[in-house]
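Enquirer: coords please:
(chains A and B)
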Amino acid sequence: MSDYKDTDLDQNIKKSDIVSQKHLRHFLDIEDLPKSLILDILDLAESFAGVSGQPVKKVPLLRGKTIVNLFFEASTRTRTTFELAAKRLSADFLNINIDYSATKKGETLLDTLRNLEAMHCDMFIVRHPSSGAAKFISKNVSQNISIINAGDGRHAHPTQAMLDIFTIRKYFPDFKKIKVAIVGDILHSRVARSLMHALRILEVPDIRVIGPQTLLPKGIEYMGVTPYVDMDKGIKDCDVVIMLRLQNERMNSSFIPDEHEYYNLYGFSPKRLDLISKKGIVMHPGPVNRGVEISSEVADGNRSVILQQVSNGIAVRMAILSLSMQP
Amino acid sequence: MKYSKEQTQELLLKIENSLKNYLLKNNIQKPIIIGVHTGGAWIADWLQKRLDYEGKAATLNISFYRDDFSKVGVNPRVEPTEMPVSVDDEHIILVDDVLFTGRTTRAAINEIFDFGRPLSVTLVVLVERNGNELPISADICGERLELDNNKNIKLLGPEPMILEVIDKDN
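Expert: Reported below is the predicted structural model:
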């Protein structure tokens, strides 16, 4: 749930009244964001995209602000693109590696937060293996600190979903005309959950989720998506296919027979490219397990936009950081 | 108060002539014309055509360089900056519609220097009004105006360009 900055707003105020405020305080989830705010973030990201092409890849918007990456879980792309986004906005930036921090020596999370607050930080970017961790932190920090959710357990990864829809819009400007499929480990994927919400809010008419029965949450139809266990049927004529990684680290029992079998049933092999729409694109939030959920030929081919997703991640995160830091 | 189309045109012709003389006097052959969004970009494009330079003028959107982010934030609908050529070792003609506090010009100069090191920057504005807060003044201007604090002046356009003095509340 995203909290809006204007604390004077009446609790019972209609969502449409909040939309006009356009101000985020925290960026925790996509679920309750109004469509207009999502489009604002995409538009602003479009303007920030040009900054990466300048000789000096920096604008002074967040000069004097201090942003902290608070990562309790491994990450390469998300951590580094948040860092680059903050630095391109001229913010001071701190990476706290929890593995080596005082938490390992027994300090509680709240004590760590209090200490960071005492250092006058303005924003925490939080990644945590527990669902709801970013929200918990947002409830326990002082008023002037913004929290950005960089992935919490199986719950949400809203900035990844934002950069995915930003990438989709580059190829398909009208969300109301496209078919999108998300393939793989839907059950454990916070990316899938945030994406389904984003696509629903943007009124994508045909959202499909594809995977083995064991990796499709029960009752997922209620999220406005159509489940498929047959990949070939599921991706037929889709404009966008988003492949997900098998999250072995979150699986505590056997969900699939073996990786080879999984590739045969749900891997994006070159011949499956013929099934999607002529201008269809293939996406993957990374890290890619080549030969498990996607073949190298497809991942490196001309229908793949995987590396563009990474570049777009910087601009989108710049937009989210600056909108959350607004007065 | 609204200027007529003809009155605005007269000011435009005046800055065009002044600019031509300035370029001759300073022996500047081919400067880069850069307009500040939105009004300045219209005037820059107009000057670009009048001087027979190829292509469109470069445009700057100084939104990310403003000094009041912590007070007013950023507008999500920001037209991108378009700088198609290098500014290194070039003479720059920076164009805006109105010079008021000088803060926009300060931001624009900062942004230009993020693209390189120009030889010189010359400021051309259609109107310079009272209320300057920084040591910045126009090298070329169509008209100098004394306005009450509650008045704003803005350029309507792009075709035709018409200057208008309005109350700040509007």
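Enquirer: excluding sequence neighbours, find me the nearest residue to the closest residue to chain B within the stretch 101-250 of chain A.
Expert: Closest residue of the stretch 101-250 of chain A to chain B, CB to the nearest CB: A:Asp122 (10.4 Å). Bear in mind the C-beta positions are built from the backbone N, C-alpha and C, glycine included. Leaving aside its chain neighbours, A:Asp122 sits nearest to A:Lys65 (4.6 Å; criterion: CB to CB, 6 or more residues apart in numbering or on different chains).
Enquirer: same check, this time on A:Ile41
Expert: Closest to A:Ile41 by CB to CB, 6+ apart is A:Ala319, at 5.0 Å.
Enquirer: ok, that neighbour - contacts?
Expert: A:Ala319 sits next to A:41-42, A:44-45, A:48, B:76 when contact means CB atoms under 8 Å, 6 or more residues apart in numbering or on different chains.
Enquirer: for A:Gly211, see how far away it is.
Expert: Distance, A:Ala319 to A:Gly211, by CB to CB, to the nearest Å: 31 Å.
Enquirer: the chain: strands as residue ranges?
Expert: Defaulting to chain A. A:66-71, A:92-97, A:123-128, A:146-152, A:179-183, A:206-210, A:226-228, A:240-243, A:281-283 (DSSP state E).
Enquirer: you looked at the wrong chain, it should be chain B
Expert: Using DSSP E, strands in chain B cover B:32-36, B:58-60, B:91-99, B:120-129, B:140-145, B:151-156, B:162-167.
Enquirer: any idea of the angle the longest one forms with strand B:162-167?
Expert: Interaxial angle of strand B:120-129 relative to strand B:162-167 (axes from the mean of the first three to the mean of the last three CA atoms, to 10 degrees): 60 degrees.
Enquirer: burial count for the residue of the stretch 101-250 of chain A closest to chain B?
Expert: Here the count is done by other CB atoms under 10 Å in any protein chain shown, and A:Asp122 has 17 residues near it.
Enquirer: dihedrals phi and psi, it?
Expert: Backbone torsions of A:Asp122, given as degrees, to the nearest 10, read phi -100, psi -20.
Enquirer: give me the pLDDT for it.
Expert: Reported pLDDT at A:Asp122 in the predicted model: 94.
Enquirer: neighbours of residue 129, how many?
Expert: Answering for chain A, as no chain was given. Using other CB under 10 Å, A:Pro129 is surrounded by 14 other residues.
Enquirer: chain B was what I was after
Expert: By other CB under 10 Å, the burial measure for B:Arg129, its neighbour count, is 20.
Enquirer: before we move on, what about B:Lys30?
Expert: B:Lys30 has 11 neighbours, counted by other CB under 10 Å.
Enquirer: not counting its neighbours along the chain, what's nearest it?
Expert: B:Tyr53 (7.3 Å).
Enquirer: cross-check the contact I'm expecting between that neighbour and B:Leu23.
Expert: No: B:Tyr53 is beyond contact range of B:Leu23, at 11.3 Å (criterion: CB atoms under 8 Å).
Enquirer: those two: which has the busier surroundings?
Expert: Neighbours per residue (other CB under 10 Å) separate B:Tyr53 from B:Leu23, with B:Leu23 holding more: 17 against 14.
Enquirer: how close does that one sit to chain A?
Expert: For B:Leu23, the distance to chain A equals 26 Å [CB to the nearest CB, to the nearest Å].
Enquirer: pretty sure that residue sits against B:Ile33.
Expert: No: with contact defined as CB under 8 Å, B:Leu23 does not reach B:Ile33; the gap is 10.8 Å.
Enquirer: now do A:Leu116, the pLDDT please.
Expert: Predicted confidence (pLDDT) at A:Leu116: the value is 88.
Enquirer: state the distance from it to A:Ser324.
Expert: Using CB to CB, one obtains 17 Å as the distance from A:Leu116 to A:Ser324.
Enquirer: hey, C-alpha coordinates of the worst-scoring helix or strand of chain B on mean pLDDT in CSV?
Expert: Least confident helix or strand of chain B, by mean pLDDT, DSSP states H and E, is helix B:69-72 with a mean of 84. Provided in CSV are the C-alpha atoms of helix B:69-72 (Å, rounded to 0.1, in the frame of the first residue of the first chain):
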residue,chain,number,x,y,z
PHE,B,69,13.0,21.4,-6.0
SER,B,70,12.8,21.2,-2.2
LYS,B,71,9.9,23.7,-2.3
VAL,B,72,8.0,22.8,-5.4
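Enquirer: beta-bridge partners for the residue lying closest to A:Val240 once chain neighbours are set aside, please?
Expert: Distances taken as CB to CB, 6+ apart place A:Val180 nearest to A:Val240, at 4.5 Å, with adjacent residues excluded. Beta-bridge partners recorded for A:Val180 (DSSP bridges): A:Ile207, A:Val240.
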